[in-house]
Every structure is written in C-alpha cells, then in structure tokens.
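K.L.:
Need a 3D model of the following:
(4 chains)
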There are 2 protein chains.
Amino acid sequence: MAEKIKRIRRTAEEARRIILDAASQRLAALGPEGIRLQDIANDVGISHPTILHHFESREGLVLALTQRATEQLRAELFAAFAGRHARDTDMHPILDRVFDVLSRQGHARLIGWMILSGAIRQSPEQGLLRDLTDLIHPMRVEESKARGMPAPERDDTLFIVMLGAVAAFGDGLFGPMVRRAAGVTDEALTAERFRAWFAELLRSRILPAAQ
Amino acid sequence: MAEKIKRIRRTAEEARRIILDAASQRLAALGPEGIRLQDIANDVGISHPTILHHFESREGLVLALTQRATEQLRAELFAAFAGRHARDTDMHPILDRVFDVLSRQGHARLIGWMILSGAIRQSPEQGLLRDLTDLIHPMRVEESKARGMPAPERDDTLFIVMLGAVAAFGDGLFGPMVRRAAGVTDEALTAERFRAWFAELLRSRILPAAQ
DNA sequence: ACCATTATCTACAATTCTGACAGCAAGTAA
DNA sequence: TTACTTGCTGTCAGAATTGTAGATAATGGT
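P.N.:
Residues are numbered from 1 along each chain as shown, chains lettered A, B, ... in the order given. You can find the predicted model right below:
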C-alpha cells in the first residue's frame, strides 16, 4: 500500500536546527555511543543522507554541534549574569541558573563529551571567565577599601571564579555519582541544598561579613 | 620470509591486566572513540580475539574496566587519606594527591566517560564520601567544643567533602578548558596554585582559624 | 617424555556505519 | 505553465568493528 509520502520541506536553517537539537539531546542522554546518523535521523523523522546533505559529513555535524553548544552555553551564562550589578552579592540565583543550565539542560555532559572526544580543541569560552573576574574584582577591591580592609589579590578573585566554574561543571556531570557516594537519600533535595550552601560559601569569600 | 613467531604466553591474570592498562590509557587519552579492540590489541602487541578470549565481549571488557577503575580510584583515595589523623588539618598534600590521581592519571576522564556512556550505573564509590565525612566530622565537633564555639552541622561537613569531590573531578576533566576560559598563560602553574588555594579554602572552612 | 590445558593466532563471517549517487518533489520565479 | 533550485529520499558500496571457529604452541603436571 505504499502511501504517497508527503515530504516535509524545511528551510536549510530550520533543518540544521532540528538536526542539531536531536544530536545534542542524544549525546547528553545516551553518551558517547549515542551519535549515529541513523539514530539521529530517526529521531528527527528524516533519512540519514539528509543529515549528510546539510553537514557534509559526520565530522561536520560534530563540528557544528560543538560550535552551537559553546555559543549557547556562553549566551546562557551571560544571561545568568546579565542585569546584575557589581554590588549585588547574592550568588544564589546566579549559581542556581548556572547549575541548572549545566546539569538539567545537559550542557555539562555535552561539553564533557566534547572534551573527551577531542571535538573541542580551540578555546571555546574564550575569555568568558576572565571577563567575569574583571567584573567582580574591582567591586571587591572597592568594598574592601570602604571597610578599611586590605584589598584582595586579583588571583584570589580569579580562583573564586574558577572554583565556581569547576564545581558547576563537575556537579553537572559527576554530581549524581558524588551524591550516591556520599550516601544521600534524597538526591534532588541534597543537590539543591548543596547549591545554596556553595553559593553562600562563594558569597562569604567574595565579600566577608563585616567584622 | 614468514619468521616463526615466538608467542608470548602470559597468565590469564597478567594478560587481563595489561589489556586493561592499554584500554584505560587509550580511553583517557583518545576519548570515547579510542576504545577499539583492534587498537587496544595493537598497543599490547596481541591479536584482538585474545581480548575477546579474556573478556568474552567488548561489553565485558568495558565492565571489567569500570570495575577495576573504581576499585583503583577507591584504593588511591583511601591511600591519600591513610595514616592521617583527625587533627592533621593540612589539606594540601591530600588534595594534591587526589587531584593528581584524577587529572594526571586520567581517572577523572575515565570516570567521566563511564558516566556518559552509562557504563556506571550502580554506585561505584559506595559510601566512600560518607565514610570520609564520618571521619572528619567528629574532629570538627571536638575542635569546636575545645574552642567554645558552636558545633558545626554534619551537613556542613558533608558539603565540604562533596565540594572537594566535585571540584576535584571537575578539575580533572574540565580544568584545562576552564583555565583557557580564564585566560591564564601558564596552565600548569595556575593549576598548581589553584589547588593550593583551594586546599587552604577547605582547611579554613573545616577548622576556622582561632579568633 | 608425554599429555592436558589454555593462551594465542589466522582466517573468516556478520553486522553496522559512513558516505556516494541518482532521482524525486516542494517550493519559487519567469 | 514551465523551468529551476534545492531539500529530501532510496539504494548501494566500501570500510571498519565485533565476534566465531579451528589450528597452534607454550606451559605445568605426571
């Protein structure tokens, strides 16, 4: 009964988008083995040569994936920090957002896969953390001065930022395992409380409570 | 001129060991795509069916790999903490050892790959971090009491331990990327200084300096 | 010296994955 | 309508990978 098949014809841009969506979803969910042209094509509802048509090759797909993922991550992280002023010292909502992007949305897993598979060679977040450091540090210096305390080194601020990044990524990928190893019962609740605790730790390090 | 080839016959145990060595090395270095029976066999200098002979299947190899890796990691972490007394509060050598195991020896990458590929489902470090917490916490309580300060919550200790774990794993896998994003010039030196800084941060949180 | 065991090899089968190619169909413009 | 572009598909080929089968040789025990 071979039905006459209605082909869905998308714009090239739209097609690339949904293909990349499916690919990144598969990667974050299924891991290293989850990126087969056939499977991705099935998820999207197209034939696998269509993917090759849009991305030249499997490698082209991976490349486009890494580029888009890093751009998205950068945008989301910028959004998390957008609108905040230097004096706004409540790290909790920011960190919550960052952790959410990295863990719930699977970016940490995705980036992790990219690092492992070597798909990520050139600096992806080119300077993002440096910019962040340069945003926070003057505020700390000013605040310290106002309190008559010695100004912190820039490296101290840099390390705070790096710790935030490493812990956020680490939590996104290794978090569930770590919590199991810690023998916690309520995974989600512990994750949430840990984030709050960590946010407070960072805050207190950035701006110690007035003596 | 087909030379008569001298076969090297190992004990089953020894053969398994060198195969697993090669496999984990390939995995940590080349990432997800680096674990092909043929390649591993070449590294070891054997034919690939030999691997199947010892591990039944590729999946069996991966399983054995995960088991051995988690056991090794557990052993190395225990070793890092062994011989330390509760009052010994210098975190630096311990953390150095932990970071070294995770980053230089590639365990973080290995475990990361396992998490991503779903090879790690059952709790691997079963209770390791809980045990660690139970080791540190009484010390903190006692010390606080001696100083006439309020005793810390157990969760605070737990979170410190979790932060150490998450940051150590995160640094092992994402560290290089984070440092690039932070725009550091001397990667190795910054990594080393960051560890020292982090160790001091943990120490000060575990046992605040006497007022 | 002989035998049993088994670690190892060569050769081959089966599956799967990427990629090539030619043609079809869905829009668009003349 | 006609022609043209291009997103999309079906089919096939080549390569690579896992796994099988039978032969071979190293080792330990008798």
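
K.L.:
Got the confidence number for A:V178?
P.N.:
On pLDDT, A:V178 comes in at 95.

K.L.:
Now do the domain split for chain A, please.
P.N.:
Using automatic domain parsing, the domain ranges for chain A come out as A:9-55, A:71-206.

K.L.:
wait, which of these is closest to DNA strand C?
P.N.:
Closest to DNA strand C of the domains of chain A, according to C-beta to the nearest atom of the strand: domain A:9-55, at 3.5 Å. Where C-beta positions appear, they are placed from N, C-alpha and C, glycine not excepted.

K.L.:
list the contacts for A:L102?
P.N.:
A:108, A:168-169, A:171-172 (C-beta atoms under 8 Å, 6 or more residues apart in numbering or on different chains).

K.L.:
how about a markdown table for the domains of chain A, with distance to B:I18 added?
P.N.:
Below are the domains of chain A laid out as a markdown table (distance: least, C-beta to C-beta, whole Å):
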| stretch | distance to B:I18 |
| --- | --- |
| domain A:9-55 | 24 |
| domain A:71-206 | 23 |
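
K.L.:
and among those domains, the most buried is which?
P.N.:
Of all these, domain A:71-206 has the most neighbours on average by mean count of other C-beta atoms under 10 Å in any protein chain shown, namely a mean of 18.

K.L.:
Quote the end-to-end distance of it.
P.N.:
Taking C-alpha to C-alpha, to the nearest Å as the measure, domain A:71-206 stretches 28 Å from start to finish.

K.L.:
From A:L61, how far off is the closest residue to chain B within chain A?
P.N.:
When scored by C-beta to the nearest C-beta, chain A has A:G170 as its residue closest to chain B, at 2.2 Å. From A:G170 across to A:L61, the span is 28 Å (C-beta to C-beta, to the nearest Å).

K.L.:
can you check A:P150 too?
P.N.:
The value you get for A:P150 to A:L61, if C-beta to C-beta is used, is 52 Å.

K.L.:
Also A:E14?
P.N.:
Separation of A:E14 from A:L61 (C-beta to C-beta) stands at 16 Å.

K.L.:
Ok, A:A119 next?
P.N.:
A:A119 sits 10 Å away from A:L61, going by C-beta to C-beta.

K.L.:
Within range of DNA strand D, give me the residues from chain A.
P.N.:
A:5, A:7-12, A:15, A:45-47, A:49-50, A:53-54 (C-beta under 7 Å from any atom of the strand).

K.L.:
wait, which of those is closest to B:R36?
P.N.:
Among those, A:P49 lies closest to B:R36 (C-beta to C-beta), at 25.8 Å.

K.L.:
returning to what we had before: with secondary structure and distance to B:Q72 added, can I get the contacts of A:L102 in CSV?
P.N.:
Below are the contacts of A:L102 laid out as CSV (DSSP: H, G, I helix; E, B strand; the rest coil; distance: C-beta to C-beta, whole Å):
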residue, secondary structure, distance to B:Q72
A:A108, helix, 24
A:A168, helix, 27
A:F169, helix, 23
A:D171, helix, 23
A:G172, helix, 24
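
K.L.:
With distance to DNA strand C and pLDDT added, can I get those in JSON lines?
P.N.:
Shown next, in JSON lines, are those (distance: C-beta to the nearest atom of the strand, whole Å; pLDDT from 0 to 100):
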{"residue": "A:A108", "distance to DNA strand C": "23", "pLDDT": "95"}
{"residue": "A:A168", "distance to DNA strand C": "31", "pLDDT": "97"}
{"residue": "A:F169", "distance to DNA strand C": "27", "pLDDT": "97"}
{"residue": "A:D171", "distance to DNA strand C": "30", "pLDDT": "98"}
{"residue": "A:G172", "distance to DNA strand C": "25", "pLDDT": "97"}
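
K.L.:
of all the residues you listed, which comes closest to B:I94?
P.N.:
The closest of the contacts of A:L102 to B:I94 turns out to be A:D171 (C-beta to C-beta; 21.1 Å).

K.L.:
quick one: contacts for the closest one?
P.N.:
A:99, A:102-103, A:108, A:178, A:191, A:194-195, B:166, B:170.

K.L.:
hey, least reliable of the domains of chain A by pLDDT?
P.N.:
Per-stretch mean pLDDT for the domains of chain A is lowest at domain A:71-206 (a mean of 89).

K.L.:
what's the spacing between that one and its chain's center?
P.N.:
When distances are taken as C-alpha atoms, centre = their mean, to the nearest Å, domain A:71-206 is centred 10 Å away from the chain's centroid.

K.L.:
again with stretch A:43-52
P.N.:
Between the centre of stretch A:43-52 and the centre of its chain there are 27 Å (C-alpha atoms, centre = their mean).

K.L.:
would you put the C-alpha positions of that stretch in PDB?
P.N.:
Extracted as PDB, the C-alpha positions of stretch A:43-52 are listed here (Å, rounded to 0.1, in the frame of the first residue of the first chain):
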ATOM      1  CA  ASP A  43      14.600  11.000  16.000                       C
ATOM      2  CA  VAL A  44      14.000  13.900  13.600                       C
ATOM      3  CA  GLY A  45      12.000  11.800  11.200                       C
ATOM      4  CA  ILE A  46      14.200  12.100   8.200                       C
ATOM      5  CA  SER A  47      16.500   9.900   6.300                       C
ATOM      6  CA  HIS A  48      20.200   9.900   7.300                       C
ATOM      7  CA  PRO A  49      21.500  11.200   3.900                       C
ATOM      8  CA  THR A  50      19.600  14.400   4.700                       C
ATOM      9  CA  ILE A  51      22.000  15.000   7.600                       C
ATOM     10  CA  LEU A  52      24.900  14.500   5.300                       C
END
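
K.L.:
just checking, what packs against the helix or strand hosting A:R193?
P.N.:
Secondary-structure assignment from DSSP states H and E places A:R193 in helix A:187-206. Applying 3 or more C-beta pairs under 8 Å, 6 or more residues apart in numbering or on different chains; DSSP states H and E, one finds that helix A:187-206 contacts helix A:91-99, helix A:154-181, helix B:154-181.

K.L.:
Helix B:187-206 and that one, what's the angle between them?
P.N.:
Taking axes from the mean of the first three to the mean of the last three C-alpha atoms, to 10 degrees, one finds helix A:187-206 and helix B:187-206 inclined to each other by 100 degrees.

K.L.:
what does helix A:187-206 rub up against?
P.N.:
Applying C-beta under 8 Å, 6+ apart, the set of residues contacting helix A:187-206 from outside is A:89-92, A:94-96, A:99, A:103, A:136, A:140, A:157, A:160, A:163-164, A:167, A:171, A:175-176, A:179-180, A:182, A:184, B:155-156, B:159, B:162-163, B:201, B:205.

K.L.:
Understood, closing this out.
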